Structure formats: C-alpha cells, structure tokens
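# Whatever this is, show me its structure:
(chains A and B)
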Amino acid sequence: MIDIFLKAAFIENMVLAYFLGMCSYLAVSKTVKTAVGLGAAVIFVLAITMPINWLVYNYLLEPTTSIISGLVGTEMDLTFLRLILFIAVIAAMVQLVEMVIEKFSPALYISLGIFLPLITVNCAILGGSLFMVSREYALGEAVSFGIGSGVGFFLAIVAIAAIREKLRYSNVPPALRGLGIAFILTGLMGIAFMSLMGIDPAALTAGN
Amino acid sequence: MADTAVQEKDIAVKEPLFGKKERAIITDPLNDNNPITVQVLGICSALAVTTLVVPSLVMAVAVVFVCAFANLIISLLRNSMPKQVRMIVQLVVIAFLVTVVELVLKAFSFTVYKQLSVFIGLIITNCIVMGRLEAFAMANKPWRSFLDGLGNGLGYGGILIIVATLREVFGKGTFAGWKLIGGTPDYLINTADAGWGQMLFGWYANNGLMVLPAAAMFVIGILIWIQRSWNPKLVDIS
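Okay, the predicted model is just below:
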C-alpha cells in the first residue's frame, strides 16, 4: 500500500508524468500561498472521492459484484454509466469541500475563489478514478492511490509556484513571458521527476 | 413582449447563416483566441496522447464533436435551466456526449480506444468544453454557439496535430505510422530509388526526448513563443 502511495506521488506523478490537472496547475501557480491552498483542497477531494467512486463502481456498475445484478438475478453490465456517475460524485464532493472551507477558513475560501468549483473539472480527480478502475485496485489501494496522487499534485504545484515567484525578477524574452516559460519549466520538471522512474517502490518497502 | 419579438425577428433577418461575425467566431479560436496557447484551456487531457498522429487525430475529432454539440444543446436549454444547477446539467450533457464517443470508438476502432484509454473519458473534464459552455453557449443563440464550439474544437485539434506531428516525426521518424526519416522512407521501399532514400534520410537518429511527455511541454512552449512573437498583442505584460 505504501508503494502505491509512493508510486502515485513521485514516480507516476499526475501532473508531471500524465499532465493531468494542467489547467488549474498553470492558472493558480502564480503565488505559493494560493498554490498551497489549491494543493490541499485537491488532496482532500481525491482522498474522499476515490473510495466513494470505488464503492460506486464495484457495487453498482461492475456486473459480477454489483448489488443490482443480485437484485435482478442476471448480471447487469452498467459500466458504461461510470463517467456520468463518477463526475456526479466528484461534483457533489467539491460542493461539500467548498462549504467546509467556507465555514472553517474564510480567508482561504476567498483566496481560492473561482478555482474551488474548478476542481470539479480538474482532470486529475476524474483521471484518478478512471486509473483506479483500469488498474483494478482494491479499496485500500484506491485510498492510498488517491492520497498519493493528491500529494503529487501538491508537490508539483507548490514547486512551480515557487519557481514562478522567483522568475518575476529574471529577464525572460517578452514573447515567452508568463505562459510560455511556465510550459517549458513544467517540461524541465517532468524530466527531473523522470529520474525517479527506475526506482521500484515495492522493493523499497520490502526492505531490500 | 411584442417589442422583443419584433426585435428578435429583426436580428434574425440581419443574421445570415455565414456572415462576417459567424466566420469570425470560427476563425478566432484558430489563432487570436486559441484555446490552448491563449486561453490555456484543455491542456490536461491533450498532451499525453500527442506522441502519435493517429490517436491525436481521433482525439481532435472527438473534442470537435463533443464541443460543438454540447454548445448546441446547452444553448438550446439555456433559458429553461435554473442557474444553481447549471453546472450539473452541463456536466451531464458533456458526459452523455463523451459516452457516445467512447462507445462508438470501442465498436469501430478498438486499438485506438485502447491507446487513448482514460483520455477519452477525460474529455468531460476538458476545460475547453466546460469553458465554452460557460463563456459562450449560456449567452448566445444555438447556431452561433454551435459554430463557436466547432471553432474552439478545431483550434484545439489543430495544435494537437501540430504537436503530434513534430513529436512523431522527430521522435519515431514516422508520420501516422509511415517511415519518413531515419531509414528508407516507406514510399520508396522496393523501388529503384530505395538506395537514394537511405542516403538522404538514413542519417537521422530518433530523438528519444520527443517521445517523453516533457517534450510536449517544450513543443507547446515554443509554439506559444512563436505565436506571440508574430502577434505581439497576446504578450503577457505581468
């Protein structure tokens, strides 16, 4: 389980290896403070939606294990509904997180602004659920994968926000300023993260 | 009530099917208002598929389809939708269209379906679709919204195909599976010119960097650079 966490956070980082969640990653990474807030919200949403979507998929949609198959008596393959159900769960959870943050940390709520509802359409969240299905994780593994992906997103967005804060004092060619240089930086960070590729987390946690 | 009806009729008369404005709606997203390089929308689900040209083409067609029809449907529904639930309605419409695309692809081209894996599903969260719904379809008539969706889908697909072409040609030496450089080109094999082909194109060694996901970032970064050098009004001042 720890190896799935490590793999999701570092080796198969959502942002830097799969380019998921790119939109909010580029849009909210101008200052470290908002980046930290968004990163934390993403960890939270991923950690909640992953097990819920796991339950939805395995007990409502999967033909062999679903309750509906048991009720009807024949195997009902409803997996084609997974996109609609997953996105509905995610939208509901984001709404919930929004209300919780508004209650407990109004300052964070204001600074996150529009980006909180945008987590709904953050590809990293839906992508996590789809990867979970295609890799056939068990429930515990799904939770650890969710938290791992969230931590990976957090690391990536905080790192690029820090770089972009420093970058404000450097002399970048005008046409490359802002977006262009952010893309190239992300590419470089992706290459840096690739150096972790050869590590086998299963071997690490087994104590070899 | 009567007044607005008259006004709407007037506008309807003044709005030709393909007037200047309609053309602008389609061509604007191709350059000045490109969804990827200017609006920064929809980068998420796109970049991972651009290692090869064929899946990118399929992805581009899928996004054009989803974007255009989601815009059309939401624009038709826009007056009968309560504001509080609009996000969910939009998501359901998009998810429905994406499911259609997914099933069609699964039925007719299973290999491409496997290659694209989760990225077809991720069209749902493609910010272009959602962004255009919010920014355009909620406030405009169906036909124009349809054109706007079409234009944005094409602007996105165009960038996707440019990036995929560069990455496949320089990373694998092929274009849509056809050998171009780094050996005898496919169209010269078994012809009298095969030796020439080897001599002209054989020197190229595939650049492994271009196959990596990071290369997509570099290519898009450089595309943005080129576009903004041509088009200084897009330059980011901050």
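# Tell me where chain A has helices.
For chain A, the helices defined by DSSP state H cover A:2-6, A:14-18, A:22-27, A:32-56, A:67-72, A:82-104, A:106-112, A:115-118, A:123-134, A:139-167, A:179-194, A:201-205.
# got a markdown table for these, with mean neighbour count, mean pLDDT and distance to chain B too?
C-betas here are computed from N, CA, C, even on glycine. Shown next, in a markdown table, are those (neighbours: other C-beta atoms under 10 Å in any protein chain shown; pLDDT from 0 to 100; distance: least, C-beta to the nearest C-beta, whole Å):
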| stretch | mean neighbour count | mean pLDDT | distance to chain B |
| --- | --- | --- | --- |
| helix A:2-6 | 19 | 83 | 17 |
| helix A:14-18 | 27 | 80 | 6 |
| helix A:22-27 | 25 | 80 | 4 |
| helix A:32-56 | 21 | 86 | 12 |
| helix A:67-72 | 12 | 76 | 18 |
| helix A:82-104 | 18 | 83 | 4 |
| helix A:106-112 | 15 | 75 | 17 |
| helix A:115-118 | 18 | 68 | 7 |
| helix A:123-134 | 26 | 85 | 4 |
| helix A:139-167 | 21 | 90 | 11 |
| helix A:179-194 | 21 | 85 | 3 |
| helix A:201-205 | 14 | 68 | 20 |
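# I'd like those laid out as a markdown table, including distance to B:V63.
As requested, those are exported to a markdown table (distance: least, C-beta to C-beta, whole Å):
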| stretch | distance to B:V63 |
| --- | --- |
| helix A:2-6 | 31 |
| helix A:14-18 | 18 |
| helix A:22-27 | 14 |
| helix A:32-56 | 24 |
| helix A:67-72 | 32 |
| helix A:82-104 | 15 |
| helix A:106-112 | 28 |
| helix A:115-118 | 19 |
| helix A:123-134 | 13 |
| helix A:139-167 | 24 |
| helix A:179-194 | 20 |
| helix A:201-205 | 35 |
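# Of those helices, which is nearest B:K106?
Nearest to B:K106, of all the helices of chain A, is helix A:82-104, at 12.8 Å by C-beta to C-beta.
# Enumerate every residue touching the residue nearest the centre of chain A.
By C-alpha atoms, centre = their mean, chain A has its centre lying nearest to A:A124, at 3.8 Å. For A:A124, the contact set (C-beta atoms under 8 Å, 6 or more residues apart in numbering or on different chains) comprises A:M14, A:V15, A:L20, A:G21, A:V42, A:L46, A:S149, A:F153, B:C44.
# Apart from its neighbours in sequence, what residue is nearest the fifth one?
The spatially closest residue to A:V42, leaving aside those adjacent along the chain, is A:F153, at 4.9 Å (C-beta to C-beta, 6 or more residues apart in numbering or on different chains).
# next one: B:S109
Using C-beta to C-beta, 6+ apart and skipping residues adjacent in sequence, the residue nearest B:S109 is B:V58, 7.2 Å away.
# returning to what we had before: mind putting the contacts of A:A124 into TSV with distance to A:N58?
Output for the contacts of A:A124, formatted as TSV (distance: C-beta to C-beta, whole Å):
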residue	distance to A:N58
A:M14	23
A:V15	28
A:L20	23
A:G21	25
A:V42	24
A:L46	18
A:S149	19
A:F153	25
B:C44	26
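# show me where chain B has helices.
For chain B, the helices defined by DSSP H occupy B:2-14, B:20-27, B:53-77, B:86-108, B:110-116, B:118-121, B:127-132, B:142-172, B:194-201, B:213-230.
# show me the contacts for residue 51.
Just so you know, I chose chain A. A:L139, A:A142, A:V143, A:G146.
# Switch to chain B, please.
So B:T51 contacts B:A164, B:R167, B:E168, B:G171, B:V211 (C-beta under 8 Å, 6+ apart).
# Pull out the buried members of those residues.
Buried by 16 or more other C-beta atoms under 10 Å in any protein chain shown: B:A164, B:R167, B:E168, B:G171, B:V211, out of the contacts of B:T51.
# And B:S229, how close does it get to A:V32?
In this view, B:S229 and A:V32 are 30 Å apart by C-beta to C-beta, to the nearest Å.
# what's the answer for A:V56, then?
As judged by C-beta to C-beta, A:V56 and A:V32 stand 35 Å apart.
# One more: B:G149?
Taking C-beta to C-beta, one finds B:G149 at 36 Å from A:V32.
# Wait, the residue nearest to B:S109 touches B:V112, no?
Yes - at 5.2 Å, B:V58 and B:V112 qualify as touching, with contact defined as C-beta atoms under 8 Å.
# joint contacts of the two?
By C-beta under 8 Å, 6+ apart, the residues touching both B:V58 and B:V112 are B:L105.
# Need the nearest residue in space to the residue nearest to the centre of chain A, chain neighbours excluded.
Excluding its sequence neighbours, the residue lying closest to A:A124 (C-beta to C-beta, 6+ apart) is A:G21, at 3.3 Å.
# dump the residue contacts of that neighbour.
Contacts were defined as C-beta under 8 Å, 6+ apart; by that measure A:G21 touches A:M14, A:V15, A:V42, A:N122, A:C123, A:A124, A:I125, A:G127, A:F153, B:C44.
# B:G42 too?
By C-beta under 8 Å, 6+ apart, the residues touching B:G42 are A:C23, B:P35, B:I36, B:V63, B:N126, B:C127, B:I128, B:V129, B:G131, B:Y156.
# Then B:K106?
By C-beta under 8 Å, 6+ apart, the contact list for B:K106 reads B:Y113.
# Near the residue nearest to A:Y18 when sequence neighbours are not counted, how many residues? Count them for me, please.
The shortest distance from A:Y18 to any non-neighbouring residue, by C-beta to C-beta, 6+ apart, is to B:A48 (5.7 Å). B:A48 has 22 neighbours, counted by other C-beta atoms under 10 Å in any protein chain shown.
# cool, and B:A135?
14.
# Return the helix or strand in chain B with minimum mean pLDDT.
Between all helices and strands in chain B, the lowest mean by mean pLDDT, DSSP states H and E belongs to helix B:2-14, at a mean of 47.
# what's near enough to touch B:V54?
B:V54 makes contact with B:V112, B:A176, B:G177 under the criterion C-beta under 8 Å, 6+ apart.
# can you do 6 Å?
Shown in contact with B:V54 (C-beta atoms under 6 Å, 6 or more residues apart in numbering or on different chains): B:A176.
# circling back to that earlier point, verify the contact between the residue nearest to A:Y18 and A:A17 for me.
No - with contacts counted by C-beta atoms under 6 Å, B:A48 stays clear of A:A17, the gap being 8.8 Å.
# what are the phi and psi values for the residue lying farthest from the centre of chain A?
In chain A, A:G73 marks the outermost C-alpha relative to the chain mean, sitting 36.9 Å out by C-alpha atoms, centre = their mean. Here is the backbone geometry of A:G73 (degrees, to the nearest 10): phi 100, psi -20.
# That one and A:L188, how far apart?
57 Å.
# Check B:N31 too.
B:N31 sits 27 Å away from A:L188, going by C-beta to C-beta.
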